[in-house]
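A.B. asks: I'll drop the sequence and a predicted model, then ask my questions.
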Amino acid sequence: MAAVKWLVVVLAVMSANVYGAEKLSDKNIDAFLDQYADDYIYQAMTLAKGFRQYRDAGSYQGFVQFKNKHWQPEYDMARKKYDDELEINRKYLFDHGLTWIFSNFADLTLVAKDLFLALHNADNTKIDEALARLNEDMGELNQLFTDRKLDINKPASRANSRY
C-alpha cells in the first residue's frame with residue numbers, strides 16, 4: 001500500500017510540471033509574448049545590472065553571490081514556467097517559428113556563467129562578447145515585436161496578467 005501512495009505522489013508531482021501552462025493559440029499568443037518579453041527583459045537587465053555593479057567593484061566573488069542567491073533562484077522559476085509552456089505548446093511554437101525565444105531564455109544562464117568566468121579571469125574581450133550576446137538577443141526580441149506590431153515598451157504592470 002505504501003508503494004501505491006508513493007506512486008500517486010510521484011505521478012502528482014510529475015503532472016505538476018506543466019501546472020499553470022496554457023495552450024497557446026492565435027488568440028492568446030500576443031499576450032504570451034508580452035509576458036515573455038517582460039520576464040526576459042527583467043532577467044537580462046537584472047543580470048547585466050548586477051554584473052556591472054560587481055565588475056565596477058572588482059568583485060567576482062560578489063557577482064557569484066549575487067548570481068547564486070538573488071538572480072538564479074528567480075530566473076530558475078521563470079525558466080521552469082517557460083519550459084512548461086514549451087512542453088505543452090511545442091508544435092504551435094514550432095509551426096509559428098517561435099521556439100528560439102525559449103533558447104534565448106535558457107541561454108541567460110550560460111551568459112551568467114560566461115560573465116562570471118570573464119570577470120574572474122579579468123578578460124574584457126569575453127565580457128564584451130557575453131554582453132553583446134544579451135544585446136543581440138534583445139535585438140531579436142525587439143524585431144519580433146516590430147514584425148508582429150506589438151509594443152515592447154509597455155509597462156511591466158502586465159507581469160501579473162495571465163494570457
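C.D. replies: Here it is on my side, so go on. Numbering: from 1, shown residues only.

A.B. asks: low-confidence ranges, this protein, go.
C.D. replies: In the predicted model, the chain carries pLDDT under 70 at residues 1-20, 155-163.

A.B. asks: for it, just list every one of the helices.
C.D. replies: 2-15, 29-56, 60-66, 72-95, 100-120, 124-147 (DSSP state H).

A.B. asks: with distance to Lys23 added, can I get these in TSV?
C.D. replies: No exception for glycine: its C-beta is placed from N, CA and C like everyone else's. Shown next, in TSV, are those (distance: least, C-beta to C-beta, whole Å):
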stretch	distance to Lys23
helix 2-15	16
helix 29-56	10
helix 60-66	36
helix 72-95	7
helix 100-120	16
helix 124-147	21
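
A.B. asks: now mean neighbour count too, for the ones you listed, in JSON lines please.
C.D. replies: Listed next are these as JSON lines, based on neighbours: other C-beta atoms under 10 Å:
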{"stretch": "helix 2-15", "mean neighbour count": "9"}
{"stretch": "helix 29-56", "mean neighbour count": "18"}
{"stretch": "helix 60-66", "mean neighbour count": "17"}
{"stretch": "helix 72-95", "mean neighbour count": "15"}
{"stretch": "helix 100-120", "mean neighbour count": "18"}
{"stretch": "helix 124-147", "mean neighbour count": "15"}
